[in-house]
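Quick one, fold the following:
(one chain, ligands or ions: 1)
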Amino acid sequence: MSFQNLNVIDPILRALAGEGYTQPTPIQAQAIPVLLSGRDLLGCAQTGTGKTAAFAIPMLQALHNAGTDGNGPRPIKALVLTPTRELAIQIGESFGTYGKHTGVRHTVIFGGVSQHGQTVALRRGVDVLVATPGRLLDLMNQGFVSLRNLQMFVLDEADRMLDMGFIHDVKKIIAKLPASRQSLFFSATMPPEIGKLAATILRDPVRVEVTPVSSTAEKVTQAVYLVEKNDKKFLLVHLLNEENISAALVFTRTKHGADRVAKDLNKSGIAAEAIHGNKSQNARQRALSSFKSKQIRVLVATDIAARGIDIDELSHVINFELPNEPETYVHRIGRTGRAGASGIALSFCDAEERDYLKGINKLIAKTLPVVADHPYPAAAGASASPALARPQSGGRSGGGRSASAARSGNGRSGWGKRPATSR
Ligand code: AMP
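This is a model prediction of the structure:
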């Protein structure tokens, strides 16, 4: 299977070749023909599957083939709604990359920054608008955006829109779209509310599904550490020092927690940054580029901030706190082991999180192995089975000292007060 076989036009084929894409990913192979034929699409796929190109390529092709009309400012013909600024930026970059020989113009709008640059770009006229819902509504209400001429509409990460409380805004925007249009709807999960929303947007859609949520977990090596809440920070430093961890995305449940973990890591000499919704757009971008360029080894993130971040070489995901929704665990660990590579996901579970762990085991239909032999075990009586003698972290771990050597303390922790001994 090649992009030529999918009837992708030459200007786009050249751009894809320039990116080194030799063949379509499964979602691209399935979605591109459907979208080129003009049908609506219901896509069950998460970030990391090549989803963005699956919709951007046929959209660019349709817009290029239609040509631009007249000399006046271009009306917006395609809208992509996505939940986060990071995703919006990345989708905009994809349109720029795949569309660089097509003459199709796009712009990206999102909140948290001045609207001036965005309104200037809108006034010049764009074919494709990539937007987060709040800022789009705002600019629509101010008269900067008209969607009267819209032909294509993409709702990306619909389940996240719901989680983040954007569904109301999304519905308001949809109410303003012309009835005659091609619609695409993507969601990693399909809870009933999302299914209902899809039914109101799509007309006789073709359903395309890749990697159902519970199977994503299979290619990632996983292990759980039972640990007391206050010892998690010691365990994190221990693992970062002792295991062969080249790039770790560490998840916390709260923004405050993310800040605290990053601060504590820096104190112990491990360069880390936190990203979450309270950080300015610039600070988030800076943190992300330091991580991508390997200036820092650890990025600490909340689920919402991490959503959609595109990092290719992520060796480890560490769940400093377990999520209360098991699906979120699967999303998190799906951040490692991308594009067929194997990844490692390590989770810390304290006494209050045991029920979350049960929920995760149920969703992924297996019992996550518990690492029994580590320097900060939870108090007696808290053990869970099955227990492993050593961290089961695939072929990439190790390279450190033995567990007994580790137990004697590494002397490197900035928190080094807590003796690293079993109780
Ligand atoms: P996405 O799911 O859209 O976030 O894409 C995940 C990653 O896969 C991005 O880094 C893309 O640049 C990359 N990608 C998308 N399509 C292909 C392809 N056909 N071949 C190789 N890489 C791809």
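
for the residue in the stretch 51-200 of the chain that the ligand sits nearest to, helix, strand, or coil?
Closest approach between the stretch 51-200 of the chain and the ligand, counting by CB to the nearest ligand atom: residue 52, at 3.1 Å. (C-beta placed from N, C-alpha, C; glycine too.) Per DSSP: H, G, I helix; E, B strand; the rest coil, the local secondary structure of residue 52 is helix.

ditto for residue 273
Per three-state DSSP, residue 273 ends up strand.

avg pLDDT for stretch 271-286?
For stretch 271-286, mean pLDDT is 87.

residues contacting residue 53?
16, 21, 25, 28, 94, 98 (CB atoms under 8 Å, 6 or more residues apart in numbering).

actually residue 224, not the one I wrote
346, 347, 348, 349, 357, 368, 369, 370, 371, 384.

Give me the neighbour count for the fifth one.
When neighbours are defined as other CB atoms under 10 Å, residue 357 has 21 of them.

Remind me which helix or strand it belongs to.
For residue 357, the host element (DSSP states H and E) is helix 354-363.

ok now that helix, how far from the chain's centre?
Taking the mean of its C-alpha atoms, helix 354-363 sits 22 Å from the chain's own mean (CA atoms, centre = their mean, to the nearest Å).

Repeat that for stretch 45-53.
On CA atoms, centre = their mean, the centre of stretch 45-53 falls 10 Å from the chain's centre.

go on, stretch 289-302?
15 Å.

buried sites along it?
290, 291, 292, 296, 297, 298, 299, 300, 301, 302 (16 or more other CB atoms under 10 Å).

how near is the last one to residue 193?
Pointing back at residue 302 there. Distance, residue 302 to residue 193, by CB to CB, to the nearest Å: 22 Å.

count of neighbours near the nearest residue to residue 44 once chain neighbours are set aside?
Spatial nearest neighbour of residue 44, excluding adjacent residues (CB to CB, 6 or more residues apart in numbering): residue 209 at 4.1 Å. Counted with other CB under 10 Å, the neighbours of residue 209 add up to 13.

Now do residue 209 against residue 45, distance only.
According to CB to CB, residue 209 and residue 45 sit 7 Å apart.

swap in residue 367?
Residue 367 is 27 Å from residue 45, by CB to CB.

quick one: which of those two has more around it?
residue 45 (22 against 15).

in terms of contact, does that one touch residue 189 like I think?
No. Look at residue 45 against residue 189 with CB atoms under 8 Å: they stay out of range, at 10.6 Å.

what pLDDT does residue 191 get?
Confidence at residue 191, expressed as pLDDT, is 84.

I figured it hits residue 159, correct?
Yes. With contact defined as CB under 8 Å, residue 191 counts as touching residue 159 (6.7 Å).

neighbour-wise, which of those two wins?
Higher neighbour count among residue 191 and residue 159: residue 159, with 22 against 13, using other CB under 10 Å.

element containing the more buried one?
Assigned by DSSP H and E, residue 159 falls in helix 158-163.

do the same with residue 172
Counting by DSSP H and E, residue 172 is found in helix 167-175.

Give the buried residues for that helix.
Within helix 167-175, the residues scored as buried using 16+ other CB under 10 Å are 167, 169, 170, 173, 174.

Please produce TSV containing these, extended by pLDDT and distance to the ligand.
TSV is the format used below for these (pLDDT from 0 to 100; distance: CB to the nearest ligand atom, whole Å):
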residue	pLDDT	distance to the ligand
167	93	22
169	96	23
170	96	20
173	97	22
174	97	23
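
between these, which is nearest residue 139?
Nearest to residue 139 among these is residue 173, at 10.9 Å by CB to CB.

how close does the closest one get to residue 348?
Distance from residue 173 to residue 348, by CB to CB: 39 Å.

so residue 151 sits right up against residue 184, yeah?
No. Counting by CB under 8 Å, residue 151 does not reach residue 184; the two are 11.9 Å apart.

Look at those two and report which has more neighbours.
More crowded of residue 151 and residue 184, by other CB under 10 Å: residue 184, with 27 against 19.

Contact partners for that one?
35, 40, 41, 43, 55, 152, 153, 154, 155.

Output the set of residues of the stretch 1-150 of the chain in proximity to the ligand.
Taking CB under 6 Å from any ligand atom, the part of the stretch 1-150 of the chain that reaches the ligand is made up of 21, 24, 25, 28, 47, 48, 49, 50, 51, 52, 53.

What is the nearest of those to residue 246?
Closest to residue 246, out of all of these and judged by CB to CB, is residue 48, at 18.6 Å.

my read: that closest one touches residue 334, true?
Yes. Proximity of residue 48 to residue 334 meets the contact threshold set by CB under 8 Å, at 6.1 Å.

Residue 327 touches residue 194, doesn't it?
No. Counting by CB under 8 Å, residue 327 does not reach residue 194; the two are 11.8 Å apart.
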